[in-house]
Structure formats: structure tokens, C-alpha cells
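Student: return a 3D structure for these sequence lines:
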Amino acid sequence: MSRPCFNANLALLVVMAAVLALPVGKVRAGGGRLQLTVVDEVTGEPVACRIHLKDARGRPHRPRDRQIPFWHDHFVIPGQVTLNLPRGNYAFDLERGPEYRTRHGRFTINDFADDAKQVTLQRCVDMAAERWFSGDLDIRRRPDRIELLMQADDLHVAPVVTWGTDIDPPRRLPPEGPVNCFQPGWCWSTRAGLISRAGTELLLFGLEEPISLPKGGNGEYPPTIKYLLAKPAGDSDGGAAAPASNAGASGPWIDIAHANSWDLPLLVAHGLVDSIEVANGRIGRESIVMKPAVGKPRDGALYPGPRGYARWIQDIYFRLLECGLRIPPSAGSGSGVQPNPLGYNRVYVHVDSVFSLEAWWANFRRGRVTVTNGPLLRPTVEGHLPGHVFQMAEGDRLSLEVGLTLSTREPISYLEIIQNGRAVHSLPFEEYAKSGRLPLVEFDEPGWFLVRVITDLPNTHRFAMTAPWYVEVEGQRRVSREAAQFFLDWVYERARTIDLTGPRRDAVIDYHRAARDFWQRLVDRANAE
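Tutor: Numbering: from 1, shown residues only. Below is the predicted model:
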């Protein structure tokens, strides 16, 4: 079932009077003034929002009032703003996250203009009302402005990065405390940190206080992580009956910001990964940020161009699922270091009980998750949310029907069902829209599957994806030999890139050996090619 949520491309025209009967001192010569009020269509009350305002040359306009939060090409307002603008023509996009229609408009400012305009924002989806609560796992913005930023993009959970290896000194923390809920269903926290070393970027959540990081080079990176988290090496055998993610049970929640991070196979092998960003800050609103290669490089022939980067990241995640590992996908905007607005890449977590941060993270761990930077998904399979494990007996066959409610503001190209690492069904959106149904998913052996939706936008990778559902045969998970070998080879490749000399050589080698043994055991016990 699909619901349209198309952009409101209304060509709103606001033309200012050329000369108004006002004292010259009240309006600056060489330009004019516009008071803009944005209201919710249903309540009629002013509502916080984000504005992308550009002049005739396409340059972003930054308000003179430094109390208005500005980042890259946009600013946010609490519902009303007075803009003093130079003479000229302007165009704007007005947004409030993906659940509201985008308003596009243009206006002209003439000398001594002074006008007031009201714009209405229409909500087309209320995900929280359906118990799906949005969050962004990579926020680098000022904590003292975070509540306005959250409201302006309709973001419900915001762990703000306040310390880390590239934040010196740590951000000044607000006096309210580490966790703040300013209205029901809206919470933010300063218990988030960043470790960015040796081609790997980790986001840590739930710590009571920042960690003092010891100095170290590439060769010391794995034992540094183990030192910080105090986790014994090789504490999970990664077998078909063992979950891969157990860091949050005795330490902070650990999110991998880039799936191609060099130490991903080591961190997974040591049970130190709770989620992986399949939509990270490099995947932007206008384009994909291409930086010098960091981490395991991709095959340019298989994953060409900027959009190939996004596919590469997701395929690495699929290979982890192919190893029988159950790690939920996540998303982060990188707002504050990347050009994205807060919550551009976001994860929705279903909370069917009373909302709390604890319930949100608990259901995140259960895999009740969708990830998006555009389309909005509310999926079930036979009435079950993502993360559910279906059981079947040896020799049986299982047919599963996907129920999907889909809303979108941009044209969609196609929908996919990814099963055991490959697209087994790919439906053009027009075909899906006619029937509102997806093909059945068939199993006669262990496996997993998820739904992915791809838009038509050419310059970036705008998509939505569910977390997986799993199928076990008499308690047995699928483990692919090819996928496990992929990560085993990665461990060897990583070992060749680091300095294995110096006083900590033995510790470094021990961690690589433990990771090697972890992936080798998975290769040996694989039950699928």
C-alpha cells in the first residue's frame, strides 16, 4: 500500500512593494524586510522548520541574526523569523523532516520593502502516532540549540556527540544533565562520543562520562579499543546460535559509522558492534561526499561512481547478515561536519509500549527498525515487525507475505526484496502502486530478507530500507561460506596495512589472530555457499 506525499511545488510568489510609506530609518536602504510565519495546517500554530534560502545566483543566505542556527546551506526557525535581505530575487525550500510536504517558493525584495507572509506546512505522515520514533546517530551540533533543531526537522531522538578523538576540547555540556526529554516522545542526550582512528570511525552511546583516550598509532588501534571497553578477546564464537552484538550489554552501544572501516571484521569478531550505518553522513541531501579513500576500498567496476559508494556500504552489511550475524542497520546525518541537516539520514524504531529512551534503544537492539533519507516505510511480515525470527521444520517450505505502507515525497524507481544477499524481486514502482502488494518470499532453508526502496534522484542515493527478518530451520541460521571468507580475507588484508613492530606488537597480533580464528570457524561451519 502506498501513500503519496509529494512535494508541494506551488511556485509561491511573494513580491514586496517597491516603496512603502515608512520612515527611512525603519527599513534598511538597498533592500527590505520580510517577516515569515510558518504554521501547521491542522493546528494553525507556528511550527519550527528548516529553510534553504538562496539568492538569484544560487548562493545560500545566512541570516544576520547569529541566534538563528545556520549550517552549510540552511537555517532553522521556531516558527517565525524577520529577515532583512538585500534587494533581489530569492528562492526557498521549506522543510520539516520527511513527514511533511516540502514547500518551494520564490519572492522578490525591492528597496524599502516591508511585508509579512504566512506559509502553511502540511503533515502527510505521522510516524510517531504509528509508534515509529525517529533518531539520528551522528549529530555534531551545539547541544544548547539541539531542541530547536530537533523540532525543526521533526526528529525524536538525538544523541549529541560531545567528546571524541577529533573534538578538542570536548563541547561544553549544558547544565540540564546528560539526558533531557523536553516533551513526551522527544529526548536528547549528551552521552555520545566519537573514536576516529586508523581508518575506523566509531560512535559510542550511553557512557556516563567521556573517555580519556591513550595515544597510539595504527598498530595500537585494536588493543586501544579493547582497553577502552574492557572486553575479553574472542568472547563470542559467532556461530549460528550466537548473536554477534553484545557490546551494549556490558558497555556502551557501539555504532560503526562506515561499514568499510578497516577494523570492522576485528570489532565484529570481538563482539563490539551494536549497529552499522547503512546511511552515513557522506550520503547527502544534494550529493554523495567523495573524500580520499579511507578504509577498505571498493571495486570501481562493481560499484562505480558516487552512488556506488552507497551500494558498497550496504553490500558489506548484507555480507555480515550472510554470516548469520544479527546486527541492526542504523543511520546518521553527520550534521555539523557533513553538509546535511539534522536527521537527514535517520533510523525509525518501533516502540509499542510507552515511549522512553530505554525502550527505544531496547527495540533498536531487537531490530524493529527502518532506515531512510527519503521514503517512509511501515512494514510487517505476517503481522511481525523487522527483527522477527520465523521458525520452520526440516523439509518444510515457508511462504511469507510482506505488508508495506509506503509514503514518499520524491519519485520512486523501484522496490526490492533482498533475500540472502541478493535482490530476488525488483518491482517498478508503477507496478507496485497498481496492486499495493509485493511478491511472496519463499524459504526451504535458513535465511533472511529485507525490503529496500530506491528513488529516481540522480545526484545522490535516496532510499529506504527495513531491518531484516530471519528464518531458522529447527534453530539453525544461514551461514554463507563466501561471506565468511570475504571477512577472513579482509582480516589478512588489514594486517598487511598496519605496523606490526614496536612494543605492543604481540598484543596487536593477538587481536588479529583472534579475529582470524573467529572468521575461520564461520567458514568451517558454513551451511550455504
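
Student: gap between the residue lying closest to L440 once chain neighbours are set aside and P439?
Tutor: Among residues not flanking L440 along the chain, S399 sits closest, at 4.9 Å (C-beta to C-beta, 6 or more residues apart in numbering). Placement of C-beta: from N, CA and C, glycine included. From S399 across to P439, the span is 10 Å (C-beta to C-beta, to the nearest Å).

Student: so which of those two has more stuff around it?
Tutor: With neighbours defined as other C-beta atoms under 10 Å, S399 and P439 compare such that P439 has more, 13 against 9.

Student: and the gap between the closest residue to that one other than its chain neighbours and V369?
Tutor: Spatially, and ignoring its direct neighbours in sequence, P439 is nearest to H425 (4.7 Å; C-beta to C-beta, 6+ apart). To V369, H425 is 21 Å away according to C-beta to C-beta.

Student: ok, those two, which is more surrounded?
Tutor: Neighbours per residue (other C-beta under 10 Å) separate H425 from V369, with V369 holding more: 26 against 17.

Student: so the more buried one touches P468, yeah?
Tutor: No. Using C-beta atoms under 8 Å, V369 is not in contact with P468; the gap is 9.4 Å.

Student: show me where the stretch 1-150 of the chain has strands.
Tutor: With strands called from DSSP state E, counting those that start in this stretch, the stretch 1-150 of the chain shows them at 2-4, 8-15, 31-40, 49-55, 70-71, 74-77, 80-86, 88-95, 103-109, 114-121, 132-135.

Student: where in the stretch 251-400 of the chain is pLDDT low?
Tutor: 251, 292-293 (pLDDT under 70).

Student: change it to 80
Tutor: 251, 290-294 (pLDDT under 80).

Student: can you check the chain too?
Tutor: Using pLDDT under 80, the flagged stretches of the chain are 1-30, 165-178, 197-199, 207-251, 290-294, 497-508.

Student: distance from stretch 301-313 to the middle of the chain?
Tutor: Centroid separation for stretch 301-313 versus its chain: 18 Å, with C-alpha atoms, centre = their mean, to the nearest Å.

Student: returning to that earlier point: overlap in contacts, V369 and P468.
Tutor: 386-387 (C-beta atoms under 8 Å, 6 or more residues apart in numbering).

Student: where along this structure do the helices fall?
Tutor: 146-152, 221-229, 247-250, 264-269, 305-322, 357-365, 429-435, 481-497, 505-525 (DSSP state H).

Student: for the fourth one, list the C-alpha coordinates in PDB.
Tutor: Once non-C-alpha atoms are left out, helix 264-269 reads as follows in PDB (Å, rounded to 0.1, in the frame of the first residue of the first chain):
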ATOM      1  CA  LEU A 264      35.100  -3.800  11.000                       C
ATOM      2  CA  PRO A 265      36.000  -7.500  10.900                       C
ATOM      3  CA  LEU A 266      38.000  -7.200  14.100                       C
ATOM      4  CA  LEU A 267      35.400  -5.300  16.000                       C
ATOM      5  CA  VAL A 268      32.600  -7.700  14.900                       C
ATOM      6  CA  ALA A 269      34.800 -10.700  15.900                       C
END
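
Student: list the helices and strands it packs on?
Tutor: For helix 264-269, the packing partners by 3 or more C-beta pairs under 8 Å, 6 or more residues apart in numbering; DSSP states H and E come out as strand 200-205, strand 253-256, helix 481-497, helix 505-525.

Student: which among those is found nearest to Q338?
Tutor: strand 200-205 (12.0 Å; C-beta to C-beta).

Student: the closest one packs against which elements?
Tutor: strand 186-197, strand 253-256, helix 264-269.

Student: so what sits opposite the spatially most central residue of the chain in the bridge?
Tutor: Nearest to the mean C-alpha position of the chain, counting by C-alpha atoms, centre = their mean, stands A331 at 1.7 Å. Taking DSSP bridges as the rule, A331 bridges to A279.

Student: about what we covered before: the residue nearest to P439 contacts I417, doesn't it?
Tutor: Yes. The pair H425 and I417 qualifies as a contact (C-beta under 8 Å) at a distance of 4.2 Å.

Student: S196 contacts V161, doesn't it?
Tutor: No. Taking contacts as C-beta under 8 Å, S196 lies outside contact range of V161: 10.5 Å.

Student: which one of these two has more residues nearby?
Tutor: A count of neighbours by other C-beta under 10 Å puts V161 above the other of S196 and V161, at 26 against 17.

Student: my guess is G135 contacts V160. True?
Tutor: No. Using C-beta under 8 Å, G135 is not in contact with V160, being 11.7 Å away.

Student: can you tell me which residues contact the residue nearest to L440?
Tutor: Contacts of S399 were listed using C-beta under 8 Å, 6+ apart, and they are 440-442.

Student: mind doing that once more with 10 Å?
Tutor: For S399, the contacting residues are 382, 440-443, by C-beta atoms under 10 Å, 6 or more residues apart in numbering.

Student: what's the closest of those to Q314?
Tutor: After measuring the contacts of S399 against Q314 - C-beta to C-beta - the closest member comes out as V441, at 18.7 Å.

Student: neighbours around the residue lying closest to that closest one once chain neighbours are set aside, how many?
Tutor: Closest residue to V441 apart from its sequence neighbours, by C-beta to C-beta, 6+ apart: L400 at 4.6 Å. Number of residues near L400 (other C-beta under 10 Å) recorded here: 15.

Student: what is the neighbour count of the closest residue to E99 other than its chain neighbours?
Tutor: Counting by C-beta to C-beta, 6+ apart, E99 lies nearest to V125, which is 4.5 Å off, once chain neighbours are set aside. Per other C-beta under 10 Å, the neighbour tally for V125 reads 22.

Student: surely V125 and R378 touch.
Tutor: Yes. With contact defined as C-beta atoms under 10 Å, V125 reaches R378; the gap is 8.8 Å.

Student: ok so, going back, for the helices of the chain, give me CSV that also has mean neighbour count and distance to L36.
Tutor: Formatted as CSV, the helices of the chain follow (neighbours: other C-beta atoms under 10 Å; distance: least, C-beta to C-beta, whole Å):
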stretch, mean neighbour count, distance to L36
helix 146-152, 23, 14
helix 221-229, 21, 47
helix 247-250, 16, 43
helix 264-269, 26, 46
helix 305-322, 20, 34
helix 357-365, 19, 34
helix 429-435, 13, 35
helix 481-497, 18, 52
helix 505-525, 18, 55
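
Student: sorry, back to before: closest one to R481 among the helices and strands packed on strand 200-205?
Tutor: Among the helices and strands packed on strand 200-205, helix 264-269 sits nearest to R481 (C-beta to C-beta), with 15.7 Å.

Student: off-centre distance for that closest one?
Tutor: 21 Å.

Student: same question for stretch 397-408.
Tutor: With C-alpha atoms, centre = their mean, you get 22 Å for stretch 397-408.

Student: show me this structure divided up by domain.
Tutor: 2-121, 128-373, 380-477, 481-525 (automatic domain parsing).

Student: okay, F355 and S330: tell me how far apart.
Tutor: Taken as C-beta to C-beta, the span from F355 to S330 is 19 Å.

Student: these two: which is more packed in?
Tutor: S330 (30 against 20).

Student: tell me the contacts of the more buried one?
Tutor: 135-138, 203, 253, 255-257, 274-280, 317, 345-347, 349, 364, 369, 371, 467.

Student: equivalent analysis for W186, please.
Tutor: W186 neighbours (C-beta under 10 Å, 6+ apart): 128, 133, 147, 150-151, 154-158, 180, 355.

Student: which of the residues you listed lies closest to F75?
Tutor: The closest of these, once distances to F75 are taken by C-beta to C-beta, is Q151, at 13.8 Å.

Student: would you confirm that that closest one contacts Y100?
Tutor: No. Using C-beta under 10 Å, Q151 is not in contact with Y100, being 12.0 Å away.

Student: give me the common contacts of these two.
Tutor: 47, 49.

Student: which residue packs closest to V179, ignoring adjacent ones?
Tutor: S189 (4.7 Å).
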